[in-house]
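Peer 1: with the sequence up front, the predicted model follows.
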Amino acid sequence: MKILIVTNHSFMLWQFRRELIGELLKEHEVVISVPFGDHIEDFKKLGCRMIDTELDRRGINPVKDLTLYRTYHRLLKTEKPDLVITYSIKPNIYAGFACRQLGIPYCVNVQGLGTAFQKPVLSDVVTVMYKTALKKAKAVFFENEGNAEEFRKRKITPASQQHVLPGAGVNLARFTYREYPQNDTVHFLYLGRIMKEKGVDELFWAARNLREEGEDFVLDLVGFFEDAYKEEVDALVKDGIAVFHGFQPDPVPFYAAADCVILPSYHEGMSNVLLEAAAVGRPVITSDIPGCREAVIDGMSGLLCQVQKREAVYDAMKKILTLTPDERRQMGLTGRRLMEDKFEKSKVVEQTKKAVLA
């Protein structure tokens, strides 16, 4: 069988789906349509055929989006795949609709609702587009029950079409448990894009207020920042509150060196950062929202805080600072056990493979 995978980001596909693709390659041909970037040669070595497909990931431009739909339509007519698997909103909608029109079986992955469902007018438009595109989908995968429920509520997909997975899972052989660090000062780690929707406004406010009260800690920042945050990041570094490490291709050493990982995000599908941090054995602080709360046993493997509430982030960080190193270590061990029980990568791959090939 020829399986066509359509997505918008080669790095993310490699990071979180390569195990699934490896399994599919054992018995099937896999072709990947993606804007060329990182790991293209890695996919080729794995055995995939790669097709470079231009895509504006974030823009909302009707002309460009119509062009993307036509590109996918031509691609499907040329490749004639037996099955299509899509990831991210634009491939889900435009490749999904093209599959529906051409009668090609397709499976869709909704990896979070994003900002599209936060804005009233845009959410109505996206709802109609998703309804149209997903009507004939063989399976629609979600990374948390909250997102699946939202699609049912909006009458986009019925329960019979839905499959809820524990995110992409976490590779416990790669993210092995690491002994808890013996830092002289507590290190909080934020790993991800430094942007408003990840809760960095609340995080930076909490960090500044804790430092003004005399609390001793370091905030390690790993990832790219949007231009709007350059001045603030520079100031945090200058004031000795934060250390900025930039983007790092291997996050494991940073998880290992952290006392606690923090992600006060506004919305997630399933946070891979939380899964990886827990797998390494680190307590986490995160928002009490779908896509985050599932990765935490509140009070035992980490702390949940009210979303978009800076005082809640402050209180959670303060609580971690009051714990002994052994208490934090025990939280990390509980998180590791949770990953082993519910999020192990091979289990998620098997669930996914079973549904797409049914």
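Peer 2: Perfect, I can see it now. These numbers were taken from a predicted model, which means no experiment stands behind them.
Peer 1: name the residues of the strand or helix carrying Arg336 that are buried.
Peer 2: Assigning secondary structure by DSSP states H and E places Arg336 in helix 325-342. Using 16 or more other C-beta atoms under 10 Å as the test for burial, helix 325-342 gives 328-339, 342. The C-beta positions use only the backbone N, C-alpha and C, and glycine is treated the same way.
Peer 1: where do the strands of the stretch 251-358 of the chain begin and end?
Peer 2: For the stretch 251-358 of the chain, applying DSSP state E, counting those that start in this stretch gives strands covering 260-263, 284-287, 302-305.
Peer 1: as JSON lines, these with mean neighbour count and mean pLDDT would be great.
Peer 2: As requested, those are exported to JSON lines (neighbours: other C-beta atoms under 10 Å; pLDDT from 0 to 100):
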{"stretch": "strand 260-263", "mean neighbour count": "27", "mean pLDDT": "98"}
{"stretch": "strand 284-287", "mean neighbour count": "28", "mean pLDDT": "98"}
{"stretch": "strand 302-305", "mean neighbour count": "25", "mean pLDDT": "98"}
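Peer 1: columns distance to Glu294 on top of those strands, output as CSV?
Peer 2: Formatted as CSV, these follow (distance: least, C-beta to C-beta, whole Å):
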stretch, distance to Glu294
strand 260-263, 13
strand 284-287, 10
strand 302-305, 11
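Peer 1: between these, which one is nearest to Val125?
Peer 2: Smallest distance to Val125 across those (C-beta to C-beta): 26.2 Å, for strand 284-287.
Peer 1: can you pull the poorly scored residue ranges out of the stretch 101-250 of the chain?
Peer 2: 115-116 (pLDDT under 70).
Peer 1: quick one: contacts for Ile5?
Peer 2: Ile5 makes contacts with 13, 17, 21, 30-34, 84-87, as judged by C-beta atoms under 8 Å, 6 or more residues apart in numbering.
Peer 1: same thing but at 10 Å, please
Peer 2: Ile5 is in contact with 13, 17, 20-21, 24, 30-34, 43, 48, 51, 81, 83-87, 91, 95, 107, 109, counting by C-beta atoms under 10 Å, 6 or more residues apart in numbering.
Peer 1: which helix or strand contains it?
Peer 2: strand 2-6.
Peer 1: list the buried residues for that strand?
Peer 2: Buried, per 16+ other C-beta under 10 Å, within strand 2-6: 3-6.
Peer 1: now do stretch 114-132
Peer 2: Quick answer for stretch 114-132 (16+ other C-beta under 10 Å): 114, 116-117, 123, 126-127, 129-130.
Peer 1: now Phe244: how far from Arg337?
Peer 2: 33 Å (C-beta to C-beta, to the nearest Å).
Peer 1: typed the wrong thing, it's Phe343
Peer 2: In terms of C-beta to C-beta, Phe343 sits 11 Å off from Arg337.
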